[in-house]
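Trainee: for reference, the sequence and a predicted model appear below.
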Amino acid sequence: MISMDYKKLFSDVLLDIIDLDLDKINSEIKQPINPEHGDLSFPVFELSKKQKKIPNVLAEEISQKLSSKYFSFSSINGYINAKIKTSFLIKETIKEAIEKKENFGKINLDNNLYVIDTFNANPLKMLHIGHLRNIVTGDFVHNILKFVGADSKPISYGGDIGTHVVKWYWYYKKLPENEKIIPKKDVSKWFGNIYLKAGILFEEDKEKHKEEINQLQIEIMNNPSLQKEIKYLAIESQKAYNKIGEELSITIDSGFLESEAEIKFNEIREELFKKYKDLFIESEGAIVADLKDKELGYFIIIKNNGALLYGAKDISLLKLKQERYPSLKNFIYVIASEQDFYLKQLFKLFSIIYPDTNHYHVSHGLINTSEGKMKSREGGHFLYEDFRDEIFVNVKKKLIENGLLENEEIIKEISFGVMKFEMLKTNLNKNIVFDISQALDFQGDTSPYVQYSGVRAKSILRKVDFQDSFLNNLDYNYSFEKEEHLLALKINDFKEKVILAYNGYKSHILVNYTLELAHIFNKFYTTCPVLVEDEKIKNTRLFLIKSFLITLENALNILGIKIPEKM
RNA sequence: GGGGUUGUAGCAUAGUGGAUAGUGCAGUUGGCUUCGGACCAACAGGUCGUGGGUUCAAAUCCCACCAACCCCUCCA
């Protein structure tokens, strides 16, 4: 069935009266902030200027002439306001949501195949809450792409070589034998803490330790058994990350390692440099790409000592991706905004050497705390597991407070909901100033608030026995509360929000939508009793609740959040 | 020096041309013999960084400036 487009209905009515083209009318129609004004509005200011009439008078004049079986009209302050007839709105909303269920809100916008670079965590380092934003954002991009019809393969790319590896191993080597054993749980935290301690020790005597690490690097290069040991540890560290991805229910289709990209680059370098002689040039012993753009400058890919930099490995990584995913043309990179310039350079380079590929950077802000930036090179870190455990403890406490039994599944659904919601609720461009006490407050604009509204809906639906077939016999002629109207209206908004969130991969649009939806549902819940005597009111409201639940579940699914049965 | 992002109430955040700038936390006050109170209702709190400009209309567009953060040939 075709979903109802109320904006179009309104503009069709206006088109008969107003001397403007349809596109113009459509672009001017807005939703009033104050619902008292109506559901849709059209400002007449531009028209009044053209016709040299006072806006108030003109708006009143036009609204008098309008008539429609779907709307009632009014005018105020130079706006023509349209209110959708409640019985019509509720009937159409329920019908569409119940019929489409998990497909409600889906729209076919994109049929491409994408590979998404996400989960940018290096093995033999640590996973902190800055990474969490990256991981969760990547999963959102994957989910929204799937929702609008695209195919997407999220991949992880880990740096298993480089100075951080040596630094990690340098400290690890000093540990007593019993502390070198990889623990059974919180493996990533164990790896991370070694890196953190290495950093602290390093700072104590930079000169001396730098020399030690350089020596160790040479030793490793000449000793295959050390290489083997480090390789083993890196794989274990990578496995620990994969486990975190699993517990967060993050989709990762496959993984790539920096060492693979390095090998691949050495395979293709000769041909590459030969083919693009003018592009890759030598500068002070290093090899740079001359991007022929004064803003982008030179792009270094190989150091003067011969070591490959990220640029080189990203060139070959693209090849690796295409080998694994044949016919792949579209690449999305979920990477923090500090690399904006680097990616601008890289994309420019790709436009020359891989002209038939498309690249898009989903740039996200960092996570800061009051102590300073959450960055892997510096101190003051908030490890993933510490954040998770603190939330777990508080959620468990709240459950017991509410007289519910401890349930591992529910604790996880709520806790991971909190973690994801916190990471996705802020505009991508912004840095998040992270405050743990705010994340532990489960009131107001939070994931538990949204989940709670869903739990309430489920709880009512559990109490009654009703079937979708009742839909055909619903009676829509009773005196509606305004909350019923607003709830139906908000459910309808979902389709538009999906499109907005897809354009530019803006998770916060959907997060805010779930908050608004939950908010209006909670208002509905307090003013509109459902399990009432009157059968026709009861059944219509039950369907409205079911429609709400379908919409909320679909929206939260895109964010990777589940609604528990009880909480 | 050049480039990018951000600046909205004590804190956090939404709003990119439209009505009285929306929301949450913190503060004050009210609501459980009730389909679940992680809720609802109400009060108070704003020079939308500053100064110009464009427009019937500017937090939103343009210009200049200020502040914070990030990046800019050999870090990842």
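Mentor: It's in. Numbers count the residues shown, from 1 in each chain, chains lettered A, B, ... in the order given.
Trainee: switch to C-alpha atoms for all contacts and neighbour counts from now on
Mentor: OK.
Trainee: using PDB, write out every CA atom in stretch A:510-518.
Mentor: Output in PDB follows, covering the C-alpha atoms of stretch A:510-518 (Å, rounded to 0.1, in the frame of the first residue of the first chain):
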ATOM      1  CA  LEU A 510      17.100   9.200  15.000                       C
ATOM      2  CA  VAL A 511      18.100   9.300  18.700                       C
ATOM      3  CA  ASN A 512      16.200  12.600  19.100                       C
ATOM      4  CA  TYR A 513      13.300  11.000  17.200                       C
ATOM      5  CA  THR A 514      13.100   8.100  19.600                       C
ATOM      6  CA  LEU A 515      13.100  10.600  22.500                       C
ATOM      7  CA  GLU A 516      10.300  12.600  21.100                       C
ATOM      8  CA  LEU A 517       8.300   9.400  20.300                       C
ATOM      9  CA  ALA A 518       8.800   8.000  23.800                       C
END
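Trainee: how far is that stretch from where the chain is centred?
Mentor: Stretch A:510-518 sits 14 Å away from the centroid of its parent chain (Cα atoms, centre = their mean, to the nearest Å).
Trainee: right, is the host helix or strand of residue A:49 up against RNA strand B?
Mentor: Following DSSP states H and E, the helix or strand that holds residue A:49 is helix A:45-51. Yes: taking Cα under 7 Å from any atom of the strand as the criterion, helix A:45-51 and RNA strand B are in contact, through A:45-46, A:49.
Trainee: could you do stretch A:500-511 as well?
Mentor: Yes: using Cα under 7 Å from any atom of the strand, we find that stretch A:500-511 touches RNA strand B at A:508-509.
Trainee: how about that stretch: buried residues?
Mentor: Neighbour-count burial for stretch A:500-511 flags A:501-502, A:505-511 (criterion: 16 or more other Cα atoms under 10 Å).
Trainee: just stretch A:520-532 next, same as before
Mentor: In stretch A:520-532, counting by 16+ other Cα under 10 Å, buried: A:520-522, A:524-525, A:528, A:530-531.
Trainee: hmm, who's touching it?
Mentor: A:453, A:481, A:483-484, A:486-487, A:490, A:537-538, A:541-542, A:548 (Cα atoms under 8 Å, 6 or more residues apart in numbering).
Trainee: what do you get for stretch A:540-549?
Mentor: A:90, A:93-94, A:97-98, A:454, A:457-458, A:461, A:471, A:474-476, A:487-488, A:491, A:521, A:530.
Trainee: of the residues you listed, list those near RNA strand B.
Mentor: Checking those against RNA strand B (Cα under 7 Å from any atom of the strand), the matches are residue A:530.
Trainee: report the buried members of the contacts of stretch A:540-549.
Mentor: The buried subset of the contacts of stretch A:540-549 (16+ other Cα under 10 Å) comprises A:90, A:93-94, A:97-98, A:454, A:457-458, A:461, A:471, A:474, A:476, A:487-488, A:491, A:521, A:530.
Trainee: after the lowest-mean-pLDDT helix or strand in chain A, which helix or strand is next?
Mentor: Within chain A, no helix or strand scores below strand A:372-373, which has a mean of 42 by mean pLDDT, DSSP states H and E. Using DSSP H and E, the helix or strand that follows strand A:372-373 in sequence is helix A:384-401.
Trainee: and that next one, how far out from the chain middle?
Mentor: 23 Å.
Trainee: cool, and stretch A:204-222?
Mentor: 40 Å.
Trainee: what do you get for stretch A:392-410?
Mentor: 27 Å.
Trainee: that one: end-to-end distance?
Mentor: For stretch A:392-410, the first-to-last residue distance is 10 Å (Cα to Cα, to the nearest Å).
Trainee: give me the contacts around it.
Mentor: Contacts for stretch A:392-410 (Cα under 8 Å, 6+ apart): A:411-412, A:414-415, A:440, A:564-567.
Trainee: for those residues, pick the one with the most neighbours.
Mentor: In terms of neighbours by other Cα atoms under 10 Å, those top out with residue A:415 at 26 neighbours.
Trainee: need the contact list for that one.
Mentor: Contacts of residue A:415 (Cα under 8 Å, 6+ apart): A:388, A:391-392, A:395.
Trainee: switch to 10 Å and redo it
Mentor: A:248, A:388-396, A:409, A:421, A:440, A:447-448, A:561 (Cα atoms under 10 Å, 6 or more residues apart in numbering).
Trainee: how about the helix holding residue A:49: buried residues?
Mentor: Quick answer for helix A:45-51 (16+ other Cα under 10 Å): A:45, A:47-48.
Trainee: near RNA strand B, anything from the helix or strand that contains residue A:415?
Mentor: Residue A:415 is located in helix A:408-424, with elements delineated by DSSP H and E. Yes: looking at helix A:408-424 against RNA strand B by Cα under 7 Å from any atom of the strand, the contacts come from residue A:414.
Trainee: what count of nearby residues applies to residue A:468?
Mentor: 11.
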